[in-house]
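Undergrad: Need a 3D model of the following:
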Amino acid sequence: MSTPTIPAIVTTIEQYLRDGSVAPCVHAALEDCTLDRLPDTLLKTSSSSTYLRGHFGIFDDGKGGATLTLPVKEGHLPQEAVLEVPGVLLSIDLPPITSRDQLPRDRVAFASQSITLGGLGHPDFDHALMAIHNIHTLFSTRFPKLQVWHPERHLNHPSVPLGSRYISSQKLASHGDHLPFDQRIDPMGILASVLRGKGFHLEDNQVVYLYGKKGQHAGHYIFDHTTPGIFQVGHVVHVQVAFVVVPSSNGKMHYMIPKLRSVALMDAGIRDDFLFALSWSRLVTDPEAPRQFGL
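TA: Got it, this is the predicted structure:
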């Protein structure tokens, strides 16, 4: 991976990522961490509407919503399609939850673990965005009042918000389906306390956090579980995402939700470069100040 030309003075990770010399380094990291996968697991492959329509289906959940699925085999239940995309983290709202202030004051039942993913102009990420638009169009064939989906914009590039709520409505499950929060998610029991009686924490609400280590050949990685606390803006990650449609509270319209299933840390080099640039900038602007590390 090439070394970026460092801006004269660096103050934030957003400023660093916005610098023109950094984007090629992000692109190189994204290409380096592309996994050796079959095309049907990669989100970008569905930028072809023909491929999408021939390889995926829609399962109606009977409760006003739907899920993008793999082709249904005779005698088998539908299987959720989980698609993969690499990107750079542009914002994060992740556990562990160690303070009530990390959760919204209002509508706390809608609290979620979420990220914003970007590609800083990499064509593969642009193809992934087109795939999301195609998936939306596929859903719209079943849901005429499906609301428009638009990517967000960060650092002058399109980006995708991905998340998963901590709990599901009590209307969708029974108490027997409720799972305890993982210690790495809720080490102090704050989530369990605040969300008690407001819904159930189901397998469908869980996000898997991983880190990847390079294997023996290009595209091969070995993964192990990790804590969500290690993820930072600027990290290059590999994400798994599912797509669902949910009805509005009054049932008059529907929304497509890209649902976060897993996040794997693939490359921390961009973030590390920023921290060194930040340290140098602080030394230049205030040479008498004590040295600080991190943010």
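Undergrad: what's the burial count for Thr227?
TA: Under the neighbour criterion other C-beta atoms under 10 Å, Thr227 is assigned a count of 16. Glycine gets a C-beta too; all of them are placed from N, C-alpha and C.
Undergrad: correct me, but it touches Gln183?
TA: No: using C-beta atoms under 8 Å as the test, Thr227 is too far from Gln183 to be in contact (9.5 Å).
Undergrad: which residues of the stretch 151-295 of the chain fall in strands?
TA: 152-154, 157-165, 208-214, 221-225, 236-247, 254-267 (DSSP state E, counting those that start in this stretch).
Undergrad: want to throw those strands into a markdown table with distance to Val85, mean neighbour count and mean pLDDT?
TA: Formatted as a markdown table, the strands of the stretch 151-295 of the chain follow (distance: least, C-beta to C-beta, whole Å; neighbours: other C-beta atoms under 10 Å; pLDDT from 0 to 100):
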| stretch | distance to Val85 | mean neighbour count | mean pLDDT |
| --- | --- | --- | --- |
| strand 152-154 | 15 | 15 | 96 |
| strand 157-165 | 8 | 20 | 98 |
| strand 208-214 | 14 | 17 | 95 |
| strand 221-225 | 15 | 13 | 94 |
| strand 236-247 | 6 | 22 | 97 |
| strand 254-267 | 10 | 22 | 98 |
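Undergrad: These: which one's closest to Ala111?
TA: Closest to Ala111 of those is strand 157-165 (C-beta to C-beta; 6.9 Å).
Undergrad: Point out the other helices and strands that that closest one packs with.
TA: Applying 3 or more C-beta pairs under 8 Å, 6 or more residues apart in numbering; DSSP states H and E, one finds that strand 157-165 contacts strand 83-93, strand 112-118, helix 123-140, strand 152-154, strand 254-267.
Undergrad: Let's have these in CSV, adding distance to Leu179.
TA: Supplementary listing: the helices and strands packed on strand 157-165 in CSV, determined by distance: least, C-beta to C-beta, whole Å:
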stretch, distance to Leu179
strand 83-93, 21
strand 112-118, 15
helix 123-140, 28
strand 152-154, 31
strand 254-267, 16
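Undergrad: Look up the closest residue to the most centrally placed residue in the chain, ignoring the ones flanking it.
TA: Among the residues of the chain, the one closest to the centroid is Leu162, at 4.3 Å (C-alpha atoms, centre = their mean). The shortest distance from Leu162 to any residue that is not its chain neighbour, by C-beta to C-beta, 6 or more residues apart in numbering, is 4.2 Å, and that residue is Leu260.
Undergrad: Wait, the one you found touches Arg165, no?
TA: No: shown here, Leu260 and Arg165 do not form a contact pair, counting by C-beta under 8 Å, at 10.0 Å.
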